[in-house]
Structure formats: structure tokens, C-alpha cells
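1. 3D, please:
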Amino acid sequence: MSTFSREFRFRAGLAALFLVAALAQPTIMVAGATPAAASFGISTGKGIDACGLMNNTARAQAFWQNTPYNNIGVYIGGSAAACPTNSASFVSSLVSMGWGIMPLWVGPQAPCTSYGSRFSSNTTTAYSQGKNEAIASYNKLISLGMSTDNTPVIYDLEAFDTSNSGCLSAAKAFIRGWTEQLHVAPAQKAGVYGSSCASGLGSYASNSPAPDFIHGADWDGITSTSNMACISTGNWTLHQRHKQYQGGHSETWNGVTVSVDSDCSNGPVYPAGDTANQGCV
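-> Below is the predicted model of the structure:
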């Protein structure tokens with residue numbers, strides 16, 4: 001793996017606060033850009049997410065110091081979250097190190113799955129449940145001491161049978177509720193994580209409003225966020241993509257070994273981004 005100097009990444013992070021274009025309105029098409037808000041920036045760097053790093057400042061530091069990584073997925077809560085953080089001090093320590101945070105909310109899953117926590121197959125109910133999850137994530141941001149002003153929050157929606165039209169309709173309604181509620185002032189940026197093909201990500205482009213950005217799992221080993229299976233190249237084009245290009249595998253940095261997923265970004269992170277394009281755009 002190649003590495004980037006800490007000085008470069010520090011300066012890149014400062015530059016991103018002022019120079020990187022932000023998402024202006026909820027849209028999936030290219031639009032006029034505005035300066036980044038104080039609580040987010042656009043990252044074009046690499047990142048990781050791993051339960052093994054949650055609530056462990058020393059491990060997070062090991063994966064930050066002289067590594068290729070700029071961003072870290074942080075599980076902030078939800079009924080299906082395996083390793084949520086309840087520690088404001090942990091989040092604060094990540095920000096102090098310089099990490100760009102990708103907040104992940106893992107709530108109820110699609111009704112046609114076997115998960116213990118599922119949303120309704122009734123689209124009206126699913127819509128309301130999506131709104132409720134957005135409210136819960138907003139409250140968790142506050143409890144973790146995070147700003148809520150344009151902060152990106154990602155709903156983790158795992159794979160389901162997208163050929164089941166009723167299940168897909170419920171998922172679309174749920175994500176519409178999630179997105180609409182996060183847009184209530186003080187608005188957050190609504191993201192969705194899932195398999196780029198098997199979580200119906202592409203179908204949410206037709207929602208009104210559509211999610212502000214996506215975090216697609218497409219384990220093809222290709223870092224470019226523009227290359228994502230089942231996602232139209234014409235959707236989510238304005239710094240609106242994170243891509244998980246490799247699934248769980250072990251990595252060792254600074255003597256610490258953790259099983260991680262690998263991400264590449266061209267999208268929003270909290271509280272600031274970077275300009276260290278590592279083949280992600």
C-alpha cells in the first residue's frame with residue numbers, strides 16, 4: 001500500500017474546509033456548487049470501517065498514523081447495529097486526529113429478510129418508520145456531541161430480494177421517509193449504504209426526494225467511485241458517492257491487526273474533507 005505524509009493530509013484537510021465544492025440541494029444530478037458547510041466536507045480519499053476500531057482510540061490512532069486512510073465509518077446506532085458507539089469522547093478523539101467520519105445508522109432491515117429487526121411491508125408504515133429512524137439518528141448525533149448542520153448520515157440497508165416488488169416498494173418508501181426527515185431543518189445529508197446491486201440502491205434515484213448520496217458495496221477491487229455495478233453513471237455525480245470496494249479482510253498498521261472493509265470516497269464526510277485523490281474519483 002502507498003502512504004501519504006501526515007503534513008500533506010493535514011494541509012489537504014484544511015484546504016477542504018474552504019475550497020471543496022459541497023452538495024447544494026438534494027439532487028442526483030450535477031448542479032451549481034456552494035462552499036462546504038462547517039460540519040462536512042468532500043473527501044476523495046480512502047477509508048475503512050470496522051467494528052474492531054469502534055470505541056478504541058489506540059487502534060484508531062494506529063490505523064491513522066502514516067497509513068493511506070483519511071476516512072472512518074463510525075456506527076452511531078440503530079436497532080441492528082452490532083457495534084455502535086455511545087462515546088462522545090471517542091468521536092471527539094477521531095476528529096482531533098483528523099479523521100473524516102462516515103456516520104452509519106443500522107436500523108430495521110427490509111421486510112423480506114430474516115433480520116430480527118425489520119420495517120413493515122406496508123409502504124405507508126415503512127415511510128413513517130424511515131422518518132422515525134432519521135429522528136433517532138439526529139438525536140444520537142446530538143448525544144455524541146456532533147453538529148447536525150448538513151452532517152452526512154448513512155442508513156445501512158443490507159441485501160434483500162430486490163426481485164420482490166413489494167419488498168422493494170417498502171424499501172423505497174422507507175428510504176423516502178429517512179431522506180425527507182433528515183432534510184427537516186436543521187437539515188442533515190441523507191445517505192444510503194448497501195450492496196450496489198442487491199440493496200436496490202439504483203432504484204432510490206427515482207425517489208422524491210432522492211438520497212443526497214450513496215455508499216455502495218461493490219467488491220470488485222476497483223477504487224473509482226464512478227465504477228459501481230447497477231448504478232447509473234448519470235446519478236449521484238456531484239461528489240455524492242462512497243464505494244466499499246473490498247469486503248472484510250485483515251490489515252496490520254503500526255503493530256495493530258484488525259479486520260476491515262475498504263472504502264474510496266468522492267462524497268461528504270464529517271466534519272471536513274480532504275483533497276487527497278487516491279484513485280477514488
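
2. Scan this structure for its longest helix.
-> Longest helix in the chain, counting residues (DSSP state H): helix 123-143.

3. Can you name every helix or strand that that helix contacts?
-> strand 69-77, strand 100-105, strand 152-156, helix 165-182 (3 or more Cβ pairs under 8 Å, 6 or more residues apart in numbering; DSSP states H and E). Heads up, the C-betas are built off the backbone N, CA and C, glycines and all.

4. Which one of the ones you listed lies nearest to Ser250?
-> Of all the helices and strands packed on helix 123-143, strand 69-77 sits nearest to Ser250, with 14.9 Å by Cβ to Cβ.

5. Any idea how far that closest one is from the middle of the chain?
-> In terms of Cα atoms, centre = their mean, to the nearest Å, the gap separating the centre of strand 69-77 from the centre of its chain is 8 Å.

6. Tell me the strands beside it, with direction?
-> Take DSSP bridges as the rule and strand 69-77 pairs in its sheet with strand 46-49 (parallel), strand 100-105 (parallel).

7. who's in contact with the first one?
-> The one in question is strand 46-49. Contact with strand 46-49 is made by 63, 68-75, 100, 102, 104, 223, 242, 244, 251, 260-265, 269, 278, 280, as judged by Cβ atoms under 8 Å, 6 or more residues apart in numbering.

8. Can you say which of those are buried?
-> Taking 16 or more other Cβ atoms under 10 Å as the criterion, what is buried in the contacts of strand 46-49 is 63, 68-75, 100, 102, 104, 223, 242, 244, 251, 260-265, 269, 278, 280.

9. List the residues that contact Thr225.
-> Contact partners of Thr225, counting by Cβ under 8 Å, 6+ apart, are 241-243, 264-267, 280-281.

10. Excluding chain neighbours, give the residue nearest to it in space.
-> The shortest distance from Thr225 to any non-neighbouring residue, by Cβ to Cβ, 6 or more residues apart in numbering, is to Arg241 (4.0 Å).

11. With Pro111 instead?
-> Counting by Cβ to Cβ, 6+ apart, Pro111 lies nearest to Ser121, which is 4.1 Å off, once chain neighbours are set aside.

12. What count of nearby residues applies to that neighbour?
-> 17 (other Cβ atoms under 10 Å).

13. what about it, is that helix, strand or coil?
-> Here Ser121 is recorded as coil under DSSP: H, G, I helix; E, B strand; the rest coil.

14. Check the gap between it and Ala170 for me.
-> Using Cβ to Cβ, to the nearest Å, Ser121 is found at 5 Å from Ala170.

15. what do the two both touch?
-> Pro111.

16. Pull out the buried positions in stretch 50-70.
-> For stretch 50-70, by 16+ other Cβ under 10 Å, it's 50-51, 53-57, 59-64, 67-70.

17. now swap in stretch 147-165 and tell me
-> Buried residues in stretch 147-165, counted by 16+ other Cβ under 10 Å: 147-148, 150-158, 160, 162.

18. cool, stretch 99-115 as well?
-> Applying 16+ other Cβ under 10 Å to stretch 99-115 flags 99-113 as buried.

19. One more: stretch 269-281?
-> 269-278, 280.

20. Same question for stretch 125-144.
-> Result for stretch 125-144 [16+ other Cβ under 10 Å]: buried residues 125-134, 136-138, 140-141, 144.

21. Could you identify the most distant pair in the residues you listed?
-> Spanning the widest gap among the buried residues of stretch 125-144 are Thr125 and Leu144, at 28.6 Å by Cβ to Cβ.

22. quick check, Ile214 in a helix?
-> No - counting by three-state DSSP, Ile214 falls outside a helix, being strand.

23. From what I see, it and His239 are in contact.
-> No - Ile214 lies out of contact with His239 (Cβ atoms under 8 Å); the separation is 11.8 Å.

24. Contact partners for Ile231?
-> Ile231 is in contact with 196, 201-202, 214, 216, counting by Cβ under 8 Å, 6+ apart.
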